[in-house]
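[1] I would like to see how this sequence folds:
(one chain, ligands or ions: 1)
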Amino acid sequence: MKHPFSSYRKLFPILERTAQLSSCSQSALSLPVRGAIDDYLEVWLQRGADWGYWMEQVELARAEFARMINAKPDDVAVLGSVSDAASSIASALTFEGDRREIVTTTLDFPSLCHVWLAQQPRGAKVRFVQAEAGSTRTTAQIAEAVDARTALVSVSQACYYDGQIIDIATTGRAAREQGAVQFVDAYQSAGSIAIDVRAQEVDMLATGAQKYLLGIPGIAFLYVRPELAQRLTPKVTGWFGRVNPFSFDPEHLDFADGAARFNTGTPPMMCASVARASMSLLNEIGIPSIEAYLAELSAVALEEAARLGLSVASPATPAAKGANTAIRIPNAAEVEARMLQSGYVVSARNDVIRVAPHFYNTADEVVGALRELTRLTQ
Ligand SMILES: Cc1ncc(COP(=O)(O)O)c(C=O)c1O
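    Below you'll find the model as predicted:
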């Protein structure tokens with residue numbers, strides 16, 4: 001199988017000796033990202049403190065993310081984690097009267113579910129759709145669970161466990177038709193699946209940079225549809241949520257227009273430099289072509305796993321899953337460590353090993369990892 005992005009492999013030095021297939025957890029370090037960290041340290045070393053440079057890095061990261069999801073930079077807030085973004089959103093919503101339910105699934109990332117459960121003292125009721133690993137029915141189950149009691153629908157666009165994809169346009173429409181709003185957790189999709197917040201009519205969407213965005217943790221981006229942002233007032237805030245963060249007025253609280261009202265404290269500048277560099281690379285290549293290639297790798301993984309007789313937890317068709325192919329392995333954490341000794345970085349979660357390539361990986365690496373998994377476990 002032809003690798004359309006082979007010329008980019010030299011930007012990821014680890015690939016010379018190790019097949020890093022762990023983008024569902026941490027992608028490979030690229031030279032542009034290393035350069036961004038070096039630049040940050042150099043500016044610090046040479047100039048001591050440079051707010052202009054720091055703020056520029058944050059703005060450039062915000063703009064790259066906005067470009068990736070077809071939003072405007074003003075519609076994106078910069079926070080510390082996806083959990084923080086969800087908490088901020090939760091704080092701005094009310095759970096009152098007949099509209100108190102938060103619809104989510106048992107396969108959403110637990111941190112998000114915990115944020116929603118933490119709203120129970122404020123009147124919220126969390127309704128869990130029982131999602132099954134490998135299922136292609138979860139989108140329909142979510143849509144069916146939404147009704148006039150729903151305040152919020154929270155979905156993970158690609159599941160951290162089995163990679164299954166939720167059609168966020170369908171679940172968002174179901175929310176809208178019932179007068180609710182939708183929050184999309186895009187941590188396992190951004191950077192590997194094309195997102196167009198306008199075409200898909202997204203209300204709110206958050207992701208961090210560590211996984212398919214090729215960066216590090218410590219930064220998250222929160223998109224909020226502009227008309228919706230204007231109606232929401234977060235109860236979690238800080239000086240960067242102000243109309244003018246540098247007005248230093250302790251006695252008055254205003255909220256910036258648009259998504260900026262969801263900013264809190266000093267943004268993570270070094271993480272922003274990293275995210276700016278990594279997303280610029282992804283945007284240069286183009287997420288739609290990355291998505292198409294990753295679907296080809298999914299087909300290769302599913303075929304090989306079937307041939308090897310492995311137990312696959314992911315959906316059986318490439319179109320229903322993201323890059324991650326999850327294989328059921330009883331002692332997954334131990335096998336993850338042994339795979340590293342064999343030259344493969346994969347990621348364990350509970351009872352599965354996740355083989356999660358990015359655009360820089362080859363079909364041979366995916367096949368090799370599955371064969372090594374088989375050798376180590378049989
Ligand atoms: C789908 C998904 N959402 C959220 C998170 C957690 O994000 P954060 O640690 O930034 O809150 C993860 C982490 O693995 C994840 O996979």
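[2] Within range of the ligand, give me the residues from the chain.
    Neighbours of the ligand within the chain, by C-beta under 6 Å from any ligand atom: 81-83, 109, 111-112, 156, 160, 185, 187-188, 208, 220. C-betas here are computed from N, CA, C, even on glycine.
[3] Among these, name the ones in helices.
    Of the positions in the residues of the chain next to the ligand, 82-83, 111-112 sit in helices, assigned by DSSP state H.
[4] Derive a PyMOL selection command for the buried subset of those.
    Provided next is the PyMOL selection string for whichever of those are buried by 16 or more other C-beta atoms under 10 Å:
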select buried, resi 82+83+111+112
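[5] need the longest helix for the protein.
    The chain, longest helix under DSSP H: helix 287-308.
[6] What are the buried residues along stretch 195-203?
    Buried residues in stretch 195-203, counted by 16+ other C-beta under 10 Å: 195, 197, 200, 202-203.
[7] Next: stretch 302-318.
    Buried residues in stretch 302-318, defined by neighbour count with 16+ other C-beta under 10 Å: 302, 304-305, 310, 312-315, 318.
[8] And for the spatially closest residue to residue 358 that is not a sequence neighbour, the neighbour number?
    Once flanking residues are discounted, residue 358 sits nearest to residue 23: 4.5 Å by C-beta to C-beta, 6 or more residues apart in numbering. Using other C-beta atoms under 10 Å, residue 23 is surrounded by 30 other residues.
[9] ok so, going back, check the ones in helices among the residues of the chain next to the ligand against residue 293 and report the nearest one.
    Of all these, residue 293 sits closest to residue 82, with 25.5 Å by C-beta to C-beta.
[10] pLDDT wise, what is residue 378 at?
    Looking at residue 378, its pLDDT reads 85.
[11] quick one: it from the ligand, how far?
    29 Å (C-beta to the nearest ligand atom, to the nearest Å).
[12] sorry, back to before: with pLDDT as added columns, please give the residues of the chain next to the ligand in a markdown table.
    Shown next, in a markdown table, are the residues of the chain next to the ligand (pLDDT from 0 to 100):
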| residue | pLDDT |
| --- | --- |
| 81 | 98 |
| 82 | 98 |
| 83 | 98 |
| 109 | 98 |
| 111 | 98 |
| 112 | 98 |
| 156 | 98 |
| 160 | 98 |
| 185 | 99 |
| 187 | 98 |
| 188 | 98 |
| 208 | 98 |
| 220 | 98 |
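[13] What's the separation between residue 310 and the ligand?
    Residue 310 is 22 Å from the ligand, by C-beta to the nearest ligand atom.
[14] Disregarding flanking residues, what is the spatial nearest neighbour of that residue?
    Nearest residue to residue 310, sequence neighbours excluded (C-beta to C-beta, 6+ apart): residue 327, at 4.9 Å.
[15] same check, this time on residue 181
    residue 203 is the one closest to residue 181 (C-beta to C-beta, 6+ apart), at 4.4 Å.
[16] got it, and residue 169?
    Once flanking residues are discounted, residue 169 sits nearest to residue 200: 4.5 Å by C-beta to C-beta, 6+ apart.
[17] who's in contact with the longest helix of the chain?
    With contacts defined as C-beta atoms under 8 Å, 6 or more residues apart in numbering, helix 287-308 is touched by 1, 4-5, 68, 191-195, 282, 312, 314, 316-319, 321-323, 325, 327, 355, 357-359, 361, 363, 366-367, 370-371, 374.
[18] taking those residues one by one, which sit in helices?
    68, 282, 363, 366-367, 370-371, 374.
[19] Could I have the buried ones of the residues you listed as PyMOL selection syntax?
    Typed into PyMOL, the line below selects the buried ones among the ones in helices among the contacts of helix 287-308, using 16+ other C-beta under 10 Å:
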select buried, resi 68+282+363+366+367+370+374
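[20] Of the ones in helices among the contacts of helix 287-308, just say which sits nearest to the ligand.
    residue 68 (16.9 Å; C-beta to the nearest ligand atom).
[21] What's the nearest residue in the stretch 251-378 of the chain when you look at the ligand?
    Nearest to the ligand in the stretch 251-378 of the chain, going by C-beta to the nearest ligand atom, is residue 349, at a distance of 8.7 Å.
[22] Please tell me I have it right and that residue contacts residue 160.
    Yes - between residue 349 and residue 160 there is a contact under C-beta atoms under 8 Å: 6.9 Å.
[23] These two: which has the busier surroundings?
    residue 160 (24 against 18).
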